[in-house]
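1. Dropping a prediction and its sequence here:
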Amino acid sequence: MLHVSPYKIVVAGENSFLRLGQEANDAPAHWASHWRVFWSDAGSGHALFLDSVLTEGVAIFSDNEEVARLLQRRVEPLLYMPFSDTELPIIRATFDRDGCPPNSTTETVTWDGGSALLVWSELQDPFSFSTEPGFHGRALGHQTTFFSAGDASLIVNGRKAEGKPWPEARGDRPCTSACLAWCETWFEPDGSA
């Protein structure tokens, strides 16, 4: 049966992430949100949001500042509030991916005077899920495909972050705190209807 969603698309693309720490019940020591946006009202582009001792707090990198700001206003407040501060500067960067599941996948972000490598490995079979607007109080709904990583690493300017991902189930699916999140779409009720 064909079902056309009644919702208005806000962002379509990828939002892979990793959260690394010492223990599952501790706050993550390193938090990364990597975006590859194929379409939005601000166009297409990439963004990397990092919160780590390796960056001395929150740092934002992008090849399209308007895309990064849109993500800060619309989506990141639902995921990790420190990334939503639009007063933070955005560092111009380039983005490149190497690898594909089931093999290790690396995102490389390079800027003037620095670089970050995000690596997802021990990738599991993918699964898809979706949420409706209003789920957990979020104004936006989303659908995505997760490739959960048994291991992951973050390297900033040659320094490797300490910590590892931990188990974090999604519904009845085993998952971790580090996932490639591909085919991701965020949407909201269409006010024009």
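-> Received, thanks.
2. what's the neighbour count on the residue nearest to Leu117 when sequence neighbours are not counted?
-> Nearest non-adjacent residue to Leu117, counting by C-beta to C-beta, 6 or more residues apart in numbering: Ile155, 4.3 Å away. Yep, even glycine has a C-beta here, placed from its N, CA and C like the rest. Ile155 has 16 neighbouring residues, counting by other C-beta atoms under 10 Å.
3. three-state assignment of Ile155?
-> Ile155 carries the three-state label strand when classified by DSSP: H, G, I helix; E, B strand; the rest coil.
4. wait, it sits on Ala161?
-> Yes - at 7.2 Å, Ile155 counts as touching Ala161 under the criterion of C-beta atoms under 8 Å.
5. which residues in the chain form strands?
-> Applying DSSP state E to the chain gives strands spanning 7-20, 30-40, 45-52, 57-62, 90-98, 105-111, 114-123, 127-131, 141-156, 159-160, 178-189.
6. elements contacting the first one?
-> Under the contact criterion of 3 or more C-beta pairs under 8 Å, 6 or more residues apart in numbering; DSSP states H and E, the helices and strands touching strand 7-20 comprise strand 30-40, helix 65-74, strand 114-123, strand 141-156, strand 178-189.
7. May I have that strand exported as PDB, CA atoms only?
-> What follows is strand 7-20, C-alpha atoms only, in PDB (Å, rounded to 0.1, in the frame of the first residue of the first chain):
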ATOM      1  CA  TYR A   7       4.400  16.200   6.700                       C
ATOM      2  CA  LYS A   8       6.600  19.100   5.400                       C
ATOM      3  CA  ILE A   9      10.200  18.100   5.000                       C
ATOM      4  CA  VAL A  10      12.700  20.300   7.000                       C
ATOM      5  CA  VAL A  11      16.000  18.500   6.300                       C
ATOM      6  CA  ALA A  12      16.900  15.400   4.300                       C
ATOM      7  CA  GLY A  13      20.400  13.800   4.400                       C
ATOM      8  CA  GLU A  14      22.500  12.100   7.100                       C
ATOM      9  CA  ASN A  15      23.200  12.700  10.700                       C
ATOM     10  CA  SER A  16      25.800  10.300  11.900                       C
ATOM     11  CA  PHE A  17      26.900  10.700  15.500                       C
ATOM     12  CA  LEU A  18      29.100   9.400  18.200                       C
ATOM     13  CA  ARG A  19      29.100   9.700  22.000                       C
ATOM     14  CA  LEU A  20      32.100   8.400  23.800                       C
END
